[in-house]
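*Asks:* predicted model, plus sequence, below.
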Amino acid sequence: MDFQLAILCLIAIGLVLVSVVEPRPRKFKRRGRCQPKMLAEYNLTFYGDWSPKTFPRLYPRVRPPAQWSKLVGRSHDSTYKLWSLGQNASDAVKAFAEDADSSMLDQDAQAYRGIFDSFTAAPIESGMGRSAVRFLADGQHTKMSFLVKIVPSPDWFVGVASLDLCHNGRWRKQINVDLAPLDAGTDQGFTFTSPNWPNMPADPISQITNKKPSHPASSFFYPEQETLPRIGHIVIKEVAEYRRRGRKLDTSPTGPNVVIFDPEEDEDDSYSLNIGGLTAVSGSTGTGNDVVNNGKPQDCTVTEWSEWSPCSKTCGFGIQTRSRDVILSPVNGGYGCPRLTDQNTCGSMRKCKWGHFDYLFKRSG
Ligand SMILES: [Ca+2]
C-alpha cells in the first residue's frame, strides 16, 4: 500500500518537473529554424562608400556625378541564379549593368519559379549614402542575390550572388558584406565615362581590382595600393519570423484573402480558359475563306496573342493566361494550328497582407 503511494507520489513529482522543465510556449518551438513553412523577414541596408577621398582617380563629379542605381534583389532557391562570378552575364544583367535598365529583370521575377521575393531599394544620388529594403525568405528559398549599378560606368556593378541566409538549419541573425566593383564583361570601356564599347563575345563577370584591368587609364587602377578600399557594403539583419498559416484562407477569387503561396499547390490550381470561340471556328461550320480554297494546302492562321489575364493570385505566385484564336483552319494538308493558349507565373510575396502569417516574434531594434 505504501509502496503504491510512493509510486503515485513519484509520478506526481515527475509531472510537476516536466511542466517546469518545458515552460516555453509551443509557438516558439521552431523559432530560428529555416524550415519550409517558416518565413524570415530581413532588412537589407546598402551603403555606398564611393567617395573622392577613397577613389580620387577620375571621380565623376558632373553629368552624371557618382551615384548608385536602384537596387534589384531576390530571395530564391538554389535553382535560380541572378548572376555568378566567372559566368557570363544574362541579357537582363547586361541591360542593367550597362544602362540601369531593369525591365528584363522585372520579367524574370514573374517567370522564374525559383524566386520567392522580388524587391528593389531606391537609388542613391551620390557616391556616399544608404538605401534600405525589407524582404522575405522561406525555408525553401533561403538564398539572396542583388545588384546595384555603379553610375556612371560602362558595365560595372556591385552585389552579392546566392548568399545563404540559412546556416546549419537556422536563420542567420546578421550578415555584413563588403562590396568590390564587378565588371559584367559586356562592355570594354575602362573609365567611368567611357562611351559604349560592346565586348563581342562577352567575357565572364569578374571582379575589378586595383591592378586588374592592368591599364593606367582604368578608373580603379591604384597599383601602389595593397587592395581597393570597399566601394560599398551591406548589413542584413533579421527583423522577424513568421509561420505560414493553413493552406487556404478564402477560396473566393475576388476576396481579399487568396491562396497562400505553395509550390505543390500551384501545380493543381485550376484556372478557366475560354475556348468556346475556338470550338466554333475549328468546327465544321468553317468560314468563307475555308470554302474558297481550291485544293491547295492552307496553313492554319491565328490571331495575335490577347493581353495577359489578371494574375490568379493577389498574394504569392499565381498564373495568368493569354490566348489566340484560329482565323483560318488548316486544309488540304496545310500546317496545323500552333498552341492557342499560353500561361505564365505572376505575382509576388510582396502583395500578401500580413494576416496571412502567424507572427512568431520580432527582434528589438
Ligand atoms: Ca567591362
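*Replies:* Yes, it's here. Remember, it's a predicted structure, so these values are computed and weren't measured experimentally.
*Asks:* what are the boundaries of the strands in the stretch 201-350 of the chain?
*Replies:* Using DSSP state E, counting those that start in this stretch, the strands found in the stretch 201-350 of the chain span residues 206-207, 232-244, 301-302, 316-323, 326-328, 341-348.
*Asks:* and the fourth one, what does it pack onto?
*Replies:* What it means is strand 316-323. helix 263-268, strand 341-348 (3 or more CB pairs under 8 Å, 6 or more residues apart in numbering; DSSP states H and E). For every residue, glycine as well, the C-beta is placed using N, CA and C.
*Asks:* adding distance to the ion, mean pLDDT and mean neighbour count, write the strands of the stretch 201-350 of the chain out as JSON lines.
*Replies:* JSON lines is the format used below for the strands of the stretch 201-350 of the chain (distance: least, CB to the ion, whole Å; pLDDT from 0 to 100; neighbours: other CB atoms under 10 Å):
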{"stretch": "strand 206-207", "distance to the ion": "8", "mean pLDDT": "95", "mean neighbour count": "13"}
{"stretch": "strand 232-244", "distance to the ion": "18", "mean pLDDT": "90", "mean neighbour count": "19"}
{"stretch": "strand 301-302", "distance to the ion": "43", "mean pLDDT": "88", "mean neighbour count": "16"}
{"stretch": "strand 316-323", "distance to the ion": "34", "mean pLDDT": "77", "mean neighbour count": "20"}
{"stretch": "strand 326-328", "distance to the ion": "47", "mean pLDDT": "87", "mean neighbour count": "17"}
{"stretch": "strand 341-348", "distance to the ion": "32", "mean pLDDT": "73", "mean neighbour count": "17"}
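*Asks:* so which of those is nearest Ser103?
*Replies:* In terms of CB to CB, the element of the strands of the stretch 201-350 of the chain nearest to Ser103 is strand 341-348, at 15.7 Å.
*Asks:* quick one, that closest one and strand 316-323 angle?
*Replies:* Relative orientation of strand 341-348 and strand 316-323, computed by axes from the mean of the first three to the mean of the last three CA atoms, to 10 degrees: 150 degrees.
*Asks:* sheet partners, orientation included, of strand 341-348?
*Replies:* Taking DSSP bridges as the criterion, strand 341-348 forms sheet pairs with strand 316-323 (antiparallel).
*Asks:* and the strand it pairs with, how far out from the chain middle?
*Replies:* Its chain's C-alpha centre and that of strand 316-323 lie 17 Å apart, by CA atoms, centre = their mean, to the nearest Å.
*Asks:* so it versus strand 232-244, what angle?
*Replies:* Note on geometry: by the same axes, to 10 degrees, strand 316-323 and strand 232-244 are set 90 degrees apart in direction.
*Asks:* interface residues of the stretch 51-200 of the chain facing the ion?
*Replies:* Asp155, Asp183, Asp187 (CB under 5 Å from the ion).
*Asks:* most neighbours among the residues you listed, which one is it?
*Replies:* Tallying neighbours with other CB atoms under 10 Å puts Asp155 at the head of those, with 28 neighbours.
*Asks:* hang on, it packs against Asp99?
*Replies:* No - shown here, Asp155 and Asp99 do not form a contact pair, counting by CB atoms under 8 Å, at 9.2 Å.
*Asks:* just send the strands of the stretch 201-350 of the chain back as a markdown table, with distance to Arg61 too.
*Replies:* Output for the strands of the stretch 201-350 of the chain, formatted as a markdown table (distance: least, CB to CB, whole Å):
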| stretch | distance to Arg61 |
| --- | --- |
| strand 206-207 | 26 |
| strand 232-244 | 19 |
| strand 301-302 | 56 |
| strand 316-323 | 44 |
| strand 326-328 | 59 |
| strand 341-348 | 38 |
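*Asks:* of these, which is nearest Ala121?
*Replies:* Ala121 lies closest to strand 232-244 among the strands of the stretch 201-350 of the chain, at 10.3 Å (CB to CB).
*Asks:* where's Ala92, which helix or strand?
*Replies:* Element membership of Ala92, judged by DSSP states H and E, is helix 91-99.
*Asks:* run through who's touching that helix.
*Replies:* The contact list for helix 91-99, computed with CB atoms under 8 Å, 6 or more residues apart in numbering, reads 69, 72, 82-83, 89, 101-105, 107-108, 147, 149, 154-157, 184, 186-187, 196, 202, 205.
*Asks:* show the buried residues in the residues you listed.
*Replies:* Those of the contacts of helix 91-99 that meet the buried threshold are 69, 72, 82-83, 89, 102, 105, 108, 147, 149, 154-157, 184, 186-187, 202, 205, by 16 or more other CB atoms under 10 Å.
*Asks:* can you tell me which of these are in helices?
*Replies:* Secondary structure from DSSP state H places Leu105, Asp108 of these in helices.
*Asks:* just for the stretch 251-365 of the chain, where's the confidence low?
*Replies:* Scanning the stretch 251-365 of the chain for pLDDT under 70 picks out 251-294, 317, 345, 351, 353-365.
*Asks:* recalculate using a threshold of 50.
*Replies:* For the stretch 251-365 of the chain, applying pLDDT under 50 flags the ranges 251-292, 365.
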